[in-house]
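K.L.:
Test case, fold it:
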Amino acid sequence: MASTDGTNFKRSLVQFQSSLTEVEEQRLKDANLKDVEASIKKIQVKLGREKRLCNLNRIKKFLDAMKHVEDLVAIFLNVSEFVAFIWGPIKLALMVATTWANSIKQLLDVYEDIGEALSNLNFFHELIKSKEHIKQAMEDYFSHILRFHRCVLNVFSQDDWKAFFKTTLGGFRHKVEPIIQALKRRQEKLSHERLQAHAIHEGVQNSREHADGRFDTLAADLDSIKSSLASESLRLQTSAENREMKESLEDKLNISKFGSHSRLDSPEPSSSSAGDWIFHHPDFQAWEKATSSQRNVLFLNGSPGAGKTILAMKIIRYLTGKDPIHGSTVYFFFRHDDDDRKSAKSMLRAILSQLIEQDETIMRHLYEKSSRMSRSLELSRLRTLQGLAQDSVKICAKFKRTPEQGEKLAAEVAKTSKGMFLYAKVVMSNFLSMCTIKEFENEMRSSTVPEDLDQA
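P.N.:
Take a look at the predicted model:
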């Protein structure tokens, strides 16, 4: 039975499935290893009749590796959910590619390389059940393989796919090379001497169920030590790889100094319940539950300074506090008088920056995609976003000797502001900037509170 801890496997599968057209999904339906093997035999017979045989045995190591992938992923997902998406693209690509000698040769070259990169999976059937870093490595393998299948389908689903091979020298290899290299890097990490030795030892131990009980304790201790060393080694290697990818992406996209969370770092309103009414509003509740394109925009409108930003932050904090299984939450605050916060490019940088921080799968996808970008396409660097100003001003705390005057001023400002938060903030800030009580008293005697925001 599949494990419930298969979130990342499921995410990669859903992402791949959503990229398929209805025609593609129908053609991949119900495929499995037996179907692929039967198709290979038919192809060999057909090519033999046409006197243009090719060595399809080169694909054997790749098929063996895909079978290991199927068995390992089946620990976390039901086989019926994903098996067709492992074998269907292989069957389809072989049937199409064998109609032209040059294309089948290039396809077999790639399959052979991937088979080599996945040749060590048979060592880890037991470790993957208990070691998080082995499971993470398998998640990466599965994600890379599905992306490879997507690239292959993109090529062979075209009506003029032969023209692609004829006019683009090495074009197919260039498309899939980043994925092959990613698989090879992962293989190098999993082939670490201590890790593989432990995997072999684990397999031997499982086959010696009737061994002398006197060695059980010693063997368990040895397993624990070896497992800890191997897992820690892989964890450090994976952590270093992620850090390098993140730094490379930040440099490539010019977002290393981009402060994506500056507004949420600002203090919350003095009353923690301020703005909670929004969560009970029918429009918000309909928007939160929306699953289609209808009602997928929550529009807040009001006069300047009425508190729209405060409500927006309230909603963002609410969403970021939910379980990550519901998806990532990213945000951006536009500001007309800040060059770094008024363009679509700035918004996209902010979104990318947050996604890189929140989702390792997306970070790896962006890294592979950006590796093919030219440095000449880089964007200019961003300055850190300005933080949100304090939402309340405590005038009485500063002028402790004049509580009556403070109460009078607060009442006057509240009355004149007519609910405009920005007006109240500007007026109170002006009074707070005064250095002495005497200056404050003179101002109170000599003038009245400004009538509107422009006067303030």
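
K.L.:
Stretch 38-57 - what's its average pLDDT?
P.N.:
For stretch 38-57, mean pLDDT is 83.

K.L.:
can you tell me how far Lys42 sits from Leu94?
P.N.:
Going from Lys42 to Leu94 by CB to CB, to the nearest Å gives 10 Å. Where you see a C-beta, it was placed from the backbone N, CA and C, and this is true even at glycine.

K.L.:
of the two, who's got more company?
P.N.:
More crowded of Lys42 and Leu94, by other CB atoms under 10 Å: Leu94, with 21 against 12.

K.L.:
so where does that one fall, helix or strand?
P.N.:
For Leu94, the host element (DSSP states H and E) is helix 79-97.

K.L.:
Could you list every helix and strand in contact with that helix?
P.N.:
With contacts taken as 3 or more CB pairs under 8 Å, 6 or more residues apart in numbering; DSSP states H and E, helix 79-97 sits against helix 7-18, helix 22-28, helix 33-49, helix 60-73, helix 101-117, helix 132-156.

K.L.:
who touches the fifth one?
P.N.:
It stands for helix 101-117. Helix 101-117 has contacts (CB atoms under 8 Å, 6 or more residues apart in numbering) with 52, 54-56, 58-65, 90, 93-94, 96-98, 145, 148, 152, 161-162, 165-166, 172-173, 176, 180, 183-184, 186-187.

K.L.:
filter the residues you listed to the buried ones?
P.N.:
56, 59, 61-65, 90, 93-94, 96-98, 145, 148, 152, 161-162, 165, 172, 176, 180, 183, 186-187 (16 or more other CB atoms under 10 Å).

K.L.:
Can you give me the neighbour number for Val427?
P.N.:
22.

K.L.:
Let me see the mean pLDDT of the helix holding Leu94.
P.N.:
87.

K.L.:
Could I get the phi/psi values of Gly307?
P.N.:
Dihedral angles phi and psi of Gly307 (degrees, to the nearest 10) take the values phi 110, psi 20.

K.L.:
Check it and give its pLDDT.
P.N.:
Reported pLDDT for Gly307: 80.

K.L.:
quick one: it from Asn55, how far?
P.N.:
71 Å.

K.L.:
Over to Ser328?
P.N.:
Applying CB to CB to Ser328 and Asn55 gives a distance of 46 Å.

K.L.:
With Trp161 instead?
P.N.:
On the measure of CB to CB, Trp161 and Asn55 end up 22 Å apart.

K.L.:
Equivalent analysis for Ile114, please.
P.N.:
17 Å.

K.L.:
next one: His149
P.N.:
Taken as CB to CB, the span from His149 to Asn55 is 23 Å.

K.L.:
Show me the protein divided up by domain.
P.N.:
7-191, 276-377, 395-446 (automatic domain parsing).

K.L.:
out of those domains, which comes closest to Asp251?
P.N.:
Using CB to CB as the measure, domain 276-377 is the one of those that comes nearest Asp251, at 9.8 Å.

K.L.:
lowest-confidence helix or strand of the chain?
P.N.:
Every helix and strand of the chain was ranked by mean pLDDT, DSSP states H and E. The lowest is helix 395-398, at a mean of 34.

K.L.:
For the residue lying closest to Ile316 once chain neighbours are set aside, give its distance to Pro304.
P.N.:
Once flanking residues are discounted, Ile316 sits nearest to Tyr331: 5.1 Å by CB to CB, 6 or more residues apart in numbering. With the distance defined as CB to CB, Tyr331 ends up 20 Å from Pro304.

K.L.:
So those two - more neighbours on which side?
P.N.:
Tyr331 (18 against 10).

K.L.:
what about that one, which helix or strand?
P.N.:
Per DSSP H and E: nothing holds Tyr331, as it lies in no helix or strand.

K.L.:
can you pull the contacts of it?
P.N.:
312, 316, 350, 354.

K.L.:
Among those residues, which one lies nearest to Asp71?
P.N.:
Gln354 (36.3 Å).

K.L.:
I'd like to know how far that closest one sits from Leu366.
P.N.:
12 Å.

K.L.:
next one: Asp338
P.N.:
26 Å.

K.L.:
And these two? Which one has more around it.
P.N.:
Leu366 (20 against 14).

K.L.:
which of the residues in the strand or helix carrying that one are buried?
P.N.:
Using DSSP H and E, Leu366 sits within helix 360-370. By neighbour count with 16+ other CB under 10 Å, helix 360-370 contains the buried residues 360, 362-364, 366-368, 370.

K.L.:
Also stretch 109-120?
P.N.:
110-111, 113-120.

K.L.:
Out of the residues you listed, which two sit at the greatest distance?
P.N.:
It's Val110 and Asn120 that sit farthest apart of the buried residues of stretch 109-120, by CB to CB, at 18.9 Å.

K.L.:
what's the closest non-adjacent residue to Asp84?
P.N.:
I think there's a mix-up here, since residue 84 is Ala and not Asp. Ala31 is the one closest to Ala84 (CB to CB, 6+ apart), at 4.7 Å.

K.L.:
pretty sure that neighbour contacts Ala93?
P.N.:
No: using CB atoms under 8 Å, Ala31 is not in contact with Ala93, being 11.5 Å away.

K.L.:
Ile40: neighbour count?
P.N.:
There are 20 residues near Ile40, going by other CB under 10 Å.

K.L.:
quick one: contacts for it?
P.N.:
56, 59, 94.

K.L.:
any idea how far the residue nearest to the first one when sequence neighbours are not counted is from Lys10?
P.N.:
Counting by CB to CB, 6+ apart, Ile40 is the residue found nearest to Leu56 once chain neighbours are left out, at 5.5 Å. Distance from Ile40 to Lys10, counting by CB to CB: 30 Å.

K.L.:
which SS class is Gln322?
P.N.:
Residue 322: Lys, not Gln. The three-state label given to Lys322 by DSSP: H, G, I helix; E, B strand; the rest coil is coil.

K.L.:
Quick check: the gap between Leu249 and Gln354.
P.N.:
Taking CB to CB, one finds Leu249 at 12 Å from Gln354.

K.L.:
and if you look at Thr7?
P.N.:
20 Å.

K.L.:
Can you pick out the residue with more neighbours from the two?
P.N.:
Gln354 (20 against 12).

K.L.:
wait, Leu47 sits on Thr98?
P.N.:
Yes: applying CB under 8 Å as the test, Leu47 and Thr98 come out as touching, 6.5 Å apart.

K.L.:
between these two, what contacts are shared?
P.N.:
Cys54.

K.L.:
what kind of secondary structure is the residue nearest to Thr320 when sequence neighbours are not counted in?
P.N.:
Once flanking residues are discounted, Thr320 sits nearest to Thr329: 4.8 Å by CB to CB, 6+ apart. With three-state DSSP as the basis, Thr329 sits in coil.

K.L.:
which residues of the stretch 51-200 of the chain score low on pLDDT?
P.N.:
123-130, 166-170, 190-200 (pLDDT under 70).
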